[in-house]
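Colleague: build me a model:
(2 chains)
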Amino acid sequence: MAAPLTLLLIVAVTIRAVLFRSSWAELISERVEVVSPLNAWKRVVEGLALLDLGVSPYSGDVFHETPFMIYLFHFVVDYAEIVFMVTDGITAVALYLSIQTYNKNVFRKQKYALESDRYPADCLELLRSPKEMFYIPLKVAMFYLLNPFTILSCVAKSTCGLNNAIIALFILCTLKGSALLSGILLALATYQSIYPLTLFAPALLFFLQRLYIPVNLRRSSFWFFTLQYAFIYVGSLVVITGLSFFLLGSWDFIPSVYGFIFSVPDLTPNIGLFWYFFAEMFEHFRLFFICVFQINVFFYTIPLSIKLKEHPVFLIFMQIAIISIFKSYPTVGDVALYMAFLPAWSHLYRFLRNIFLVSCVLLACSALFPVLWHLWIYAGSANSNFYYAITLLFNFGQVKSLNLISHFT
Amino acid sequence: FRLSSLIGHISTCPSLIGQCCQRHPGSVDEFQEELVIRPLHSGDIYASFQFRTLWDTDFLQEGQKVSHYRLFPKSLGQVLSKFSVRELHISFTQGFWRTMQWGQPFIPSPPGAELWVWFHDTVSDVDGNWKELTNVLSGIFCASLNFIDLTNTVQPSASFKPLGLGNATDHRFLRYATLPREIVCTENLTPWKKLLPCGSKAGLAVLLKSEKLFHSSFHSQAVHIRPVCQDEQCTSKAWELRQTLNVVFDLYTAGQGKKEWSLFKMFSRTLTEACPLATSSKVYVDITDNPELFELSPATPLLSQAVVLGDRRTYSVFDLTRAETFGQLRSLNLLLRWKGDGGEMLRPLLHAERYVAGFGLQTGEIHTVIYNNHPYRAFPVLLMDSVPWYLQLYIHTLTVTSKSRDNKPSYIHYQPAKDRHRPHLLEMLIQLPPHSMTEVTVQFERALLKWTEYTPDPNHGFYVGSSVVSALVPSMVAMNTNFTQDQPLFSSFVPVKEESSYFVRVYTEPLLVNLPTPDFSMPYNVICLTCTVVAVGYGSFYNLLTRTFQVDEPSLPLAKRLANLIRRIRGVPLLT
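Modeller: Below you'll find the predicted structure:
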């Protein structure tokens, strides 16, 4: 399978290189749907320029990247385009390998279940054959690399691509069974943006399932493994945060990065629900609704983990989708990551009821975003309500599609 | 080297200031008043009033309390002692000074209100003192200075060095704020006039009638308080209060198109006497262009020459303390009649403009253009920009070009803004090549604010305060570094340290920038709609997580059910 994957990578790199060299690159990197105050490339350059001027990048309110980004881009800022293309390639290859491993696991389980005659007669049509499953990893990689959202995100040089790469590598390490690497990568993903914290539960469930440890709170083997994994995770997180302290010698980055993510002071429009809500919020209730919206991201973890404990990979997908919809500064790069997983369950598509409607809603909204933005900001003939309405519809469509897909369980 | 000489120049040498303040032995306070009338080439006329009170007291030392006020206003004295103020400069301006048409003003000021204060180094909480000071001054001058808070206050590191005594370099004790939106009217003029020893009853202040003063192109009133030396050796210090009022009357609106000006036409009053409390009360009329341009009546034998703003000018002096100035009618009404069309004005050597470029409500670019009109000398200027936090500047896009070549500033001090806490501060030292135009551009992004943070008329736009360009401009004429007793007030405001240059501060236009606005009628709707979408998500997850499946027997139609009932009675097998 190396050849088709290589071909796919070459095609993807070509498309990105062509766009980088055209005049569209400048236009795309200013689009609010593609970049947010957390991951815009302009702000990374600004942060590095402030560092050159001798001012801490965190002393103003323009730079909200972690010190790890300063470390990285201090050396490669001249080769940024190549870095982002390579990142997309890494994400695609990681997804390819992880879906391949997942398919092997699924097929093996299916074989055992078939031999022990556990399937009722009318489910036989749902069984998957190796021939069907052969092309799924390639389709997943293709869904990620050739997705217009991913291409836009890469051409805009949004650091969302780097975050996606870390999450994809984390999924690969989890599926391959390496708890140490998985813990370290999850800590790195959490350090970049707080929300991947919720992926701890599905990763833990996967490892427990793999090691045949029953998920029973009274068993000591369960606690033994959980504490080991938690120790790896928390330990790496502490080490990474400590290293960040030593870069600039101050803890300034914590309120600038994590305080910014949680308290949402910047109300720049994006494709999420937070900006207009907090632009029109009564001051008195602001703190209350911030807490409600942030808890909304985290609190689906436990119930979903209980319900989906036999399907940890599906749970990872659901968590990533929930994070992309309800996080404080979403961009299309986050949406592209969970959309890449859809081919993994393609055999169940005929059971989805409203797939046409939902996909039409998402397509129409993606087309209308730039139109209504132009009408509001440049033409002056619409106002913010138009853009807000499309935001609402886009998020509603995403929620509905998630609802549909969750019927797979 | 140039930076230190520029900055060091502004901190006064005690002996130089002392020499301009020789006072009559034995008097405690001293008051001088002066009016300078300068006809402009475009037919407009520029009148500049200066009232100076010297207060012989020294509470720069701890623990001294003052209770006797003679000529110095008590309200300002109490402010100085309570807030440990070392220097205070406040100005209220209506209109914009057109440097290219009117030349350089004696005392420059930006449109709106501007306040900058140096505190003593004994003050521990400068921000607290600043906040209280602005509120107290707001009450004294009937202005809305209470809008000055930490979001529009900056601490310039190089641009506003003290004009009085003392070599201060710690800019933690300096605060600078400007309110470009402030409107100046009679309400502000009246308390300002009350601070004068004679009020508006005698002396030059009788000319200050608001219905004429505000019917002008430019009106600026200011108060400058600073400590000065009283003699050469600086054995004792005094507080100097200068109240200045600059006004430019327009040829067409106030002058009815006729190139003929008189005191009565400008102020609807004539001068009848000097202020009895004044030691000197003079009117200077700039007659450098006299024989060709206009004629002045009544003629006076008193002439005075002064080098001010790099130019040697000749003035006719009318001394109001002498009775013969008023003539037979006991009133002095100066008349200036234009004879021919004016020639070319001396071009100001330093001039600056500023504008916003770009389109749409997302991004923009601030362009500041500085002109150096000196034919062969290059000199450095210090540019200070204070931009509010809701216009996010991107300092990596800063470009400075002179004569279409890159011109890197030798000193940049940049303090980025913190949202809702402090504004941006950008100070740069730029070397201007001779006879050139230098353009400074920087890109910014406009932020969307919370709906309560907009002013009641949000589509009017938001004001960005003027940039300040400070420079030591090379002079064509040797400046006078020796101070004599009779030096007119207008040439002694800024001390001159070297012969070859003079200090100039130019203010650019304030900017008016539009920000994207949310719909203000929608808070309830937005909350409901967004919460609906979140609730749909919650509902579908809840459904997914708590739904259980049960196998259900298909239900029979009604006819078959009735038939089954009868069959049960008969004891016969049921239908399915």
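
Colleague: use CA for all of it now, contacts and neighbours both
Modeller: Noted.

Colleague: what about the residue in the stretch 151-300 of chain A that chain B sits nearest to, neighbour count?
Modeller: Proximity to chain B, evaluated over the stretch 151-300 of chain A using CA to the nearest CA, is greatest for A:Ala279 at 4.3 Å. Other residues within reach of A:Ala279, judged by other CA atoms under 10 Å in any protein chain shown, total 27.

Colleague: any idea of the pLDDT on the closest residue to it other than its chain neighbours?
Modeller: In space, A:Ala279 comes closest to B:Lys450 once its chain neighbours are excluded; the distance is 4.3 Å by CA to CA, 6 or more residues apart in numbering or on different chains. Residue-level confidence at B:Lys450 comes out at 94, pLDDT.

Colleague: can you give me the distance of B:Lys450 to A:Asp61?
Modeller: B:Lys450 is 16 Å from A:Asp61, where distance means CA to CA, to the nearest Å.

Colleague: so where's the chain uncertain?
Modeller: Reading this off chain A. Applying pLDDT under 70 to chain A flags the ranges A:1, A:119, A:121-126, A:409.

Colleague: chain B was what I was after
Modeller: Judged by pLDDT under 70, chain B has its weakly predicted residues at B:1-27, B:58-66, B:168, B:232, B:290-292, B:341-343, B:482-486.

Colleague: would you confirm that the residue nearest to A:Ala279 contacts A:Phe278?
Modeller: Yes - B:Lys450 lies in contact with A:Phe278 (CA atoms under 8 Å); the separation is 7.1 Å.

Colleague: follow-up on the earlier one: what values do phi and psi take at the residue nearest to A:Ala279?
Modeller: Dihedral angles phi and psi of B:Lys450 (degrees, to the nearest 10) take the values phi -70, psi 150.

Colleague: residues shared between the contacts of B:Lys450 and A:Phe278?
Modeller: A:Leu267 (CA atoms under 8 Å, 6 or more residues apart in numbering or on different chains).

Colleague: so how many other residues sit close to residue 108?
Modeller: Just so you know, I chose chain A. The burial metric for A:Arg108, expressed as a neighbour count using other CA under 10 Å, is 12.

Colleague: hmm, I had chain B in mind actually
Modeller: Per other CA under 10 Å, the neighbour tally for B:Pro108 reads 16.

Colleague: host element of it?
Modeller: With elements delineated by DSSP states H and E, B:Pro108 resides in a region that no helix or strand encompasses.

Colleague: which SSE is immediately downstream of the helix or strand that A:Lys104 is a member of?
Modeller: Using DSSP H and E, the element containing A:Lys104 is helix A:80-115. Of the helices and strands lying after helix A:80-115 in sequence (DSSP H and E), the nearest is helix A:130-134.

Colleague: elements contacting the helix or strand following that next one?
Modeller: Remark: after helix A:130-134, the chain's next helix or strand is helix A:136-145, criterion DSSP H and E. Other helices and strands packing on helix A:136-145, by 3 or more CA pairs under 8 Å, 6 or more residues apart in numbering or on different chains; DSSP states H and E, are helix A:2-21, helix A:80-115, helix A:332-339.

Colleague: contacts for helix A:136-145?
Modeller: Surrounding helix A:136-145, the residues in contact under the criterion CA under 8 Å, 6+ apart are A:4-5, A:8-9, A:12, A:88-89, A:92-93, A:95-97, A:99-100, A:150-151, A:336-337, A:339-344.

Colleague: Three-state assignment for the residue in the stretch 301-409 of chain A that chain B sits nearest to, please.
Modeller: When distances are taken as CA to the nearest CA, the stretch 301-409 of chain A reaches nearest to chain B at A:Tyr378, 4.3 Å away. The three-state assignment at A:Tyr378 reads helix, by DSSP: H, G, I helix; E, B strand; the rest coil.

Colleague: so how many other residues sit close to it?
Modeller: Residues near A:Tyr378, counting by other CA under 10 Å: 14.

Colleague: returning to that earlier point: could you give the number of residues near the residue nearest to A:Ala279?
Modeller: Using other CA under 10 Å, B:Lys450 is surrounded by 22 other residues.

Colleague: ok, it - contacts?
Modeller: The contact partners of B:Lys450, taken as CA under 8 Å, 6+ apart, are A:267, A:278-281.

Colleague: my read: B:Ser84 touches B:Asp125, true?
Modeller: No - applying CA under 8 Å, one finds B:Ser84 not in contact with B:Asp125, separated by 11.0 Å.

Colleague: the residue of the stretch 51-200 of chain A found nearest chain B: what's it in contact with?
Modeller: Relative to chain B, the nearest point of the stretch 51-200 of chain A is A:Gly60 (4.7 Å; CA to the nearest CA). By CA under 8 Å, 6+ apart, the residues touching A:Gly60 are B:415-419.

Colleague: neighbour-wise, give me the winner out of those.
Modeller: Compared across the contacts of A:Gly60, B:Pro416 has the highest neighbour count, 26 neighbours, by other CA under 10 Å.
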